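Enquirer: Sequence isn't available, so here's the structure alone:
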Ligand SMILES: [Zn+2]
């Protein structure tokens, strides 16, 4: 039954190496050890284990978040020192960076004062395609630092917790 027949259909002269590596690498089984057997589990001691389990989970998540942060940061490093062709494109890029970071609970770190900030591009006299600025609130005043014509090198930090419990005014834009 298990007699291997060599397939004669492949002429060896064709210099086109198609994917050979995909064959026979079945060792990467995804970890799907779902606890799908409810009969097996013992439901006791949930409450005493709960606190430690959450702590473990938080530690693990912190680790993951840190590596996500570093991964994003190293990708963004490739953009440093560049301009993207026009004011609109620079603004678009800054906006994309911000929404990407915001989605992961991150901010950029201002290169002048170190506060968490939002990267923006503002029109500015003398800088044709706009200035990359760090937008942040320092001592309850909205402040812009930076102002170069190219994307600065970005360091990422965790997004700070909101400090205004009763924000009546909502900044648009
Ligand atoms: Zn600053």
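Expert: Structure's in. What do you need? Owing to the predicted nature of the structure, the values given are computational and were not obtained by experimental measurement. Residues are numbered from 1 along each chain as shown.
Enquirer: tell me which parts of this structure are close to the ion?
Expert: For the chain, the residues in contact with the ion (C-beta under 5 Å from the ion) are 110, 112, 113, 145. In this view, the C-beta of every residue, glycine as well, is placed from N, C-alpha and C.
Enquirer: For the first one, give me its contacts.
Expert: In this structure, residue 110 makes contact with 116, 117, 134, 136, 145, 146, judged by C-beta atoms under 8 Å, 6 or more residues apart in numbering.
Enquirer: how about the strands of the chain, start to end?
Expert: For the chain, strands defined by DSSP state E occupy the ranges 106-109, 116-124, 127-138, 141-148, 156-158.
Enquirer: Name the stretch among these that sits most buried.
Expert: Mean neighbour count (mean count of other C-beta atoms under 10 Å) peaks for strand 106-109 among the strands of the chain, with a mean of 22.
Enquirer: Can you spell out which helices and strands pack onto it?
Expert: If you count contacts as 3 or more C-beta pairs under 8 Å, 6 or more residues apart in numbering; DSSP states H and E, strand 106-109 packs onto helix 87-103, strand 116-124, strand 156-158.
Enquirer: Go through those and name the closest to residue 68.
Expert: Comparing the helices and strands packed on strand 106-109 by their distance to residue 68 (C-beta to C-beta), the top pick is strand 156-158, with 9.4 Å.
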